[in-house]
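Enquirer: Kindly generate the corresponding structure for this input.
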Amino acid sequence: MKRQNMILYVLTILLVLMTPALAAQVSTDDVDSVSIGVIVGEPTGLSIKLWLSDVSAIDIALAWSFTDNGAFYANADYLTHFFDVFTTAPDRLPVYVGVGGSLRVQSQAPGQGDPDSRLRAAVRVPVGISFLPVELPLDLFFELAPHLRIFPETTFGVAGGIGVRYRF
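Expert: Got it, this is the predicted structure:
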């Protein structure tokens with residue numbers, strides 16, 4: 001299990017380090033190409049959004065749970081935004097929906113608990129709303145993400161939170 005944890009940590013660090021390079025390749029007219037900030041909820045941590053087009057984005061979260069014995073979560077979702085649901089000119093208030101995945105890693109002392117319970121994988125369907133003020137480079141958002149855990153057992157749950165990201 002230590003090897004799996006090390007691989008996950010290395011991949012997470014590489015992803016964070018690659019974010020500026022990925023953002024440099026993204027070009028959108030209407031929306032800033034990358035946003036970085038925090039999400040507070042379950043779990044709580046770093047939130048990164050990379051816009052792929054005027055309506056689609058990749059949302060990444062690296063977060064910790066305060067209710068799941070300090071487990072570490074890495075989420076990645078593909079999002080589609082609907083800007084015409086609410087009219088708030090000149091600001092934007094898109095509703096979004098997506099699909100993605102989540103990995104959960106929890107370190108346990110040797111001999112405590114089932115080793116398989118330390119690593120969990122789930123499929124997520126995040127639904128949320130963002131507030132993108134024209135005069136401030138901020139992305140304020142609220143999100144709920146029902147998920148179906150697929151490893152090591154199948155269970156259903158919901159994650160969610162509120163957050164703020166700075167738009168570059």
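Enquirer: Count the residues that sit near the closest residue to Arg92 other than its chain neighbours.
Expert: Distances taken as Cβ to Cβ, 6 or more residues apart in numbering put Leu132 closest to Arg92, at 4.2 Å, once the chain neighbours are dropped. Using the backbone N, CA and C atoms, a C-beta is placed for each residue, glycine as well. As a burial measure, Leu132 scores 23 neighbours (other Cβ atoms under 10 Å).
Enquirer: tell me the contacts of Leu132?
Expert: When contacts are counted by Cβ atoms under 8 Å, 6 or more residues apart in numbering, Leu132 touches 31, 91-94, 138-139, 167.
Enquirer: is it possible to export the residues you listed to TSV including pLDDT, distance to Arg104 and secondary structure?
Expert: Formatted as TSV, the contacts of Leu132 follow (pLDDT from 0 to 100; distance: Cβ to Cβ, whole Å; DSSP: H, G, I helix; E, B strand; the rest coil):
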residue	pLDDT	distance to Arg104	secondary structure
Val31	59	30	coil
Asp91	93	35	coil
Arg92	94	33	strand
Leu93	96	31	coil
Pro94	97	28	coil
Leu138	97	29	strand
Asp139	97	25	strand
Arg167	95	29	strand
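Enquirer: Which PyMOL command selects the buried ones in these?
Expert: Restricted to buried positions by 16 or more other Cβ atoms under 10 Å, the PyMOL selection for these reads:
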select buried, resi 31+92+93+94+138+139+167
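Enquirer: For stretch 150-166, give me every contacting residue.
Expert: 35-44, 47-49, 75, 102, 114, 116-117, 119-124, 137-149.
Enquirer: Filter those residues down to the buried ones.
Expert: 35-39, 41-44, 47-49, 75, 102, 119-120, 122, 124, 138-141, 143, 145, 147, 149.
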